[in-house]
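> what would the 3D arrangement of this be:
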Amino acid sequence: MANWFTNFFRRDKTPTALPAPIEHARVLSPSVDIAPEDPLIAYFQNAPSVVEIDKLALDSPGARAMKATGVKLVVPLVSQGELVGLLNLGPRLSEQEYSTDDFGLLNNLATQAAPALRVAQLVRQQQAEALARERLEQELRVARLIQQTLLPKQIPDIAGYQIAALYQPARAVGGDFYDFLELENGLLGLVVGDVTDKGVPAALVMATTRAILRGSAQRLISPGQVLERVNELLCPDIPENMFVTCLYAILDPRTGKMKYANAGHDLPYRRMDGGVSELRATGMPLGLLPGMTYEEKETTVAVGETILFYSDGIVEAHNVEKEMFGFPRLMGLVGNHRGGATLIAFLQNELQKFTGADWEQEDDVTMMTLTRSGLPNGVADKKPARADSKTLAEFSLPSQPGNERDAMHRVAEAVKELGLPAARLEKLKTAVAEATMNALEHGNKYRAELLVNIVVTASAENVVVKITDHGGGADIPTPETPDLDAKLAGMQSPRGWGLFLIKNLVDEMNVTHDNQHHTVELILRRKEE
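Take a look at the predicted model:
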């Protein structure tokens, strides 16, 4: 019988000592630790059979340590070309030399033991990975709970304004947040921010930032001073390598004046009749350096204008070709939309088309819009939107021939759940196709870079489809009954049937325009009277 002990190797090649005495045997000494870069490792991995340490001529710290501890034979345990362990033997208790039969027995033992040992190692590794995944999932659940609990439960209802918000979390939870603050004298605070890092640490920093900002906003009326105060309180305690970008604005709904300051956050976009502009203000992110000051700007939100606040999750999204969504694309889409509360749904749809159905979201996506609708303060809309009205679809199409068919099919798919009578559905599809073709050809002059925007909504009574192009500045002619004789005689243009046809296919048609856009609104009752 021999004195023996074993060495086992982890996947990282780091040996771990697991003494394994058997009956009638004793361990000479603790097993030998062999460094991963020791040439002995490579030698054992390629050894064809049992290795006699005393006869080994190799400059190796591991070999010298084995000799010092009395190791005589080493049986490498190799599975699928990988060294998974060593079986080390000292001198025989009979003090006789090892025989040829002993060598054969040990080689057979290695052949049987190596695969079994490898399986055991893989099982242990899988168990460790499963525990790590479980801990990560638990951390993500906690982080999501913190974020969702602290996000606003409802959108402020302010006469003359429309406010909308979207928070779309990624699987690896980040630290996005937005907030609405009711301040003195009827002022409204608007906050959007993003904490670097992910998981519970980011969620906790987000919660801390929100609490400090809320407390500071009630005592200070200057956005710049509020951010200064938040920065000073965050700096001493924020974890290393973390910071917070944040934009804070204060709106006076009575006048439309808005003061704002920016702590390194993405610049908001302002959608107005003349195009799109950025609301610029400079300032370092919160929590990086104490003693920072924040530039404060003031603007007036005019009637019909929309401000888009957002986080970098949308602009840093990538498609399958690794192309980034980017700021220019976002700015262009904002300019091609008419603004309002539907802007968020439009951008969300465009992001989905860009990234594809199998997109694995990399970061949280947060968007918030503020639109001044132009109603007098304190006066309700004489034609408020029905409480049961909901948006079924919102999409945009390039101005290319044939896209009217795409519009018709997408509208039909959107209203499919309503169960419209077949005859009325066909009328709606034809009207949508005609109106879209007019927008593509006459409104946008078939300029592919100009988009036709289509919004489909429904209430208990009606289906409403709004089709908007970029042909503003001139009235759309009132649809009148065409004079067939005059057309045949060449006294009238052979065209001019489109609007007349559309008007007679739906129950109501409304046409509006501004300096930039035409909008045709088609209203169809869900039940024919």
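
> and Asn504, what element?
With elements taken from DSSP states H and E, the one containing Asn504 is helix 498-505.

> ok now that helix, how far from the chain's centre?
From the chain centre to the centre of helix 498-505 is a distance of 43 Å (CA atoms, centre = their mean, to the nearest Å).

> what packs against it?
In this structure, helix 498-505 makes packing contacts with helix 422-438, strand 508-513, judged by 3 or more CB pairs under 8 Å, 6 or more residues apart in numbering; DSSP states H and E. For glycine as for every other residue, the C-beta is placed from the backbone atoms N, C-alpha and C.

> highest average neighbour count across those?
Most buried of these, by mean neighbour count (mean count of other CB atoms under 10 Å): helix 422-438, with a mean of 19.

> pLDDT (mean, whole number) over it?
For helix 422-438, mean pLDDT is 92.

> same check, this time on stretch 256-275
The model assigns stretch 256-275 a mean pLDDT of 93.

> in that stretch, what's buried?
Neighbour-count burial for stretch 256-275 flags 256, 258-272 (criterion: 16 or more other CB atoms under 10 Å).

> Leu40 and Arg64: what is the separation?
Separation of Leu40 from Arg64 (CB to CB, to the nearest Å): 10 Å.

> those two: which is more packed in?
The neighbour count for Leu40 versus Arg64, taken as other CB atoms under 10 Å, is higher for Leu40 (24 against 14).

> in this protein, where is pLDDT below threshold?
1-31, 136, 139-140, 142-144, 146-148, 171-174, 374-388, 472-498, 514-516, 529 (pLDDT under 70).

> what's the following helix or strand after the helix ranked longest in it?
Ranked by residue count under DSSP state H, the longest helix found in the chain is helix 100-150. Using DSSP H and E, the helix or strand that follows helix 100-150 in sequence is strand 161-168.

> what packs against that following strand?
By 3+ CB pairs under 8 Å, 6+ apart, strand 161-168 packs against strand 177-182, helix 343-355, strand 365-372.

> please redo it, this time with the cut-off set to 10 Å
Other helices and strands packing on strand 161-168, by 3 or more CB pairs under 10 Å, 6 or more residues apart in numbering; DSSP states H and E, are strand 177-182, strand 188-195, strand 306-310, helix 312-315, helix 343-355, strand 365-372.

> any chance of those in TSV, plus mean neighbour count and distance to Arg124?
Converted to TSV, those look like this (neighbours: other CB atoms under 10 Å; distance: least, CB to CB, whole Å):
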stretch	mean neighbour count	distance to Arg124
strand 177-182	19	41
strand 188-195	24	36
strand 306-310	25	46
helix 312-315	22	38
helix 343-355	18	39
strand 365-372	24	39
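
> to Ile158, which of these lies closest?
strand 188-195 (6.7 Å; CB to CB).

> domains in this protein, as residue ranges please.
Domain assignment of the chain by automatic domain parsing yields the ranges 2-124, 152-372, 390-525.

> what's the most buried one of those?
Among those, highest average neighbours (mean count of other CB under 10 Å) belong to domain 152-372, with a mean of 18.

> quick revisit: ok, of the buried residues of stretch 256-275, which one's closest to Phe243?
Closest approach between the buried residues of stretch 256-275 and Phe243, by CB to CB: Gly264, at 7.7 Å.

> phi first, then psi, for the closest residue in space to the closest one that isn't next to it in sequence.
Among residues not flanking Gly264 along the chain, Pro285 sits closest, at 3.7 Å (CB to CB, 6 or more residues apart in numbering). Main-chain dihedrals, Pro285, degrees, to the nearest 10: phi -60, psi 160.

> quick one on the thing from earlier: Glu134 is nearest to which of the domains of the chain?
Proximity to Glu134 (CB to CB) singles out domain 152-372 among those, at 14.3 Å.

> for Gly274, see how far away Leu247 is.
When distance is defined by CB to CB, Leu247 is 23 Å away from Gly274.

> separation between Phe500 and Thr519?
Computed as CB to CB, the Phe500 to Thr519 distance reads 19 Å.

> cool, and Val415?
19 Å.

> what's the overlap in contacts for Leu40 and Arg64?
Common neighbours of Leu40 and Arg64 (criterion: CB atoms under 10 Å, 6 or more residues apart in numbering): Val32, Ile53, Leu58.

> adding secondary structure and distance to Glu298, write these out as CSV.
Shown next, in CSV, are those (DSSP: H, G, I helix; E, B strand; the rest coil; distance: CB to CB, whole Å):
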residue, secondary structure, distance to Glu298
Val32, coil, 74
Ile53, helix, 82
Leu58, coil, 78
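
> any chance of JSON lines for those residues, columns distance to Met368?
Formatted as JSON lines, these follow (distance: CB to CB, whole Å):
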{"residue": "Val32", "distance to Met368": "63"}
{"residue": "Ile53", "distance to Met368": "71"}
{"residue": "Leu58", "distance to Met368": "68"}
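
> ranges for the helices of the stretch 201-350 of the chain?
Applying DSSP state H, counting those that start in this stretch to the stretch 201-350 of the chain gives helices spanning 223-234, 312-315, 327-336, 343-355.

> tabulate those helices (a markdown table), appending distance to Pro91.
Below are the helices of the stretch 201-350 of the chain laid out as a markdown table (distance: least, CB to CB, whole Å):
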| stretch | distance to Pro91 |
| --- | --- |
| helix 223-234 | 67 |
| helix 312-315 | 67 |
| helix 327-336 | 75 |
| helix 343-355 | 68 |
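
> out of these, which gets nearest to Leu117?
Of all the helices of the stretch 201-350 of the chain, helix 343-355 sits nearest to Leu117, with 45.4 Å by CB to CB.

> what angle do the closest one and helix 327-336 make?
140 degrees (axes from the mean of the first three to the mean of the last three CA atoms, to 10 degrees).

> and helix 343-355, how far from the chain's centre?
Centroid displacement of helix 343-355 relative to its chain, using CA atoms, centre = their mean, is 12 Å.

> what's near enough to touch Lys297?
Contacts for Lys297 (CB under 10 Å, 6+ apart) come out as Pro223, Gly224, Ala249, Met258, Lys259, Tyr260, Ala261, Asn262, Leu279, Arg280, Ala281, Thr282.

> cutoff 6 Å now
Residues near Lys297 by CB atoms under 6 Å, 6 or more residues apart in numbering: Tyr260, Ala281.

> mind checking how far it is from Gly81?
Counting by CB to CB, the gap between Lys297 and Gly81 amounts to 66 Å.

> picking up where we left off before, looking at the shared contacts of Leu40 and Arg64, which is nearest Ala357?
Ranked by distance to Ala357 (CB to CB), the shared contacts of Leu40 and Arg64 are led by Val32 at 55.3 Å.

> which one is that closest one nearest to, not counting chain neighbours?
Setting aside the residues directly before and after it, Val32 is nearest to Ala65 in space (CB to CB, 6+ apart), at 4.8 Å.
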